[in-house]
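K.L.:
A predicted structure for the sequence below; I have some questions about it.
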Amino acid sequence: MTLPEAVAEFEVNNHRIRRLIKDGILPAEQVVPRAPYQIRISDLLDPKVIDAAARTDR
């Protein structure tokens, strides 16, 4: 799955998904630097990822 697809799945903005990736909560790979992220669907179903995506940092 791509980052835009993950954004649509969670109905959040791309900054939220990028933050989850940066924080190590959501595993993602880039084939080469600056390539689109590749995200496994099974990782999106992890309760830890679901909870973190739903959280607001306010």
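P.N.:
Thanks, I have it.
K.L.:
list the contacts of the residue minimising distance to the centre of the chain.
P.N.:
For the chain, the residue nearest the mean C-alpha position is I17 (3.7 Å; C-alpha atoms, centre = their mean). I17 makes contact with L3, A6, V7, F10, L26, A53, according to C-beta atoms under 8 Å, 6 or more residues apart in numbering. From N, CA and C alone the C-beta is placed, and that goes for glycine too.
K.L.:
host element of the second one?
P.N.:
Same thing as A6. helix 3-10 (DSSP states H and E).
K.L.:
what is that helix packed up against?
P.N.:
Helices and strands touching helix 3-10, by 3 or more C-beta pairs under 8 Å, 6 or more residues apart in numbering; DSSP states H and E, are helix 14-22, helix 41-44, helix 47-54.
K.L.:
quick one: buried residues of the helix or strand bottoming out on mean pLDDT in the chain?
P.N.:
None of the helices or strands of the chain scores lower by mean pLDDT, DSSP states H and E than helix 3-10, at a mean of 89. Across helix 3-10, burial judged by 16 or more other C-beta atoms under 10 Å covers L3, A6, V7, F10.
K.L.:
the first one against R18, yeah?
P.N.:
What it means is L3. Yes - contact criterion C-beta atoms under 8 Å: L3 and R18 qualify, at 7.3 Å.
K.L.:
quick revisit: distance to P36 for the contacts of I17 - can I get that in JSON lines?
P.N.:
Listed next are the contacts of I17 as JSON lines, based on distance: C-beta to C-beta, whole Å:
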{"residue": "L3", "distance to P36": "6"}
{"residue": "A6", "distance to P36": "11"}
{"residue": "V7", "distance to P36": "12"}
{"residue": "F10", "distance to P36": "17"}
{"residue": "L26", "distance to P36": "14"}
{"residue": "A53", "distance to P36": "19"}
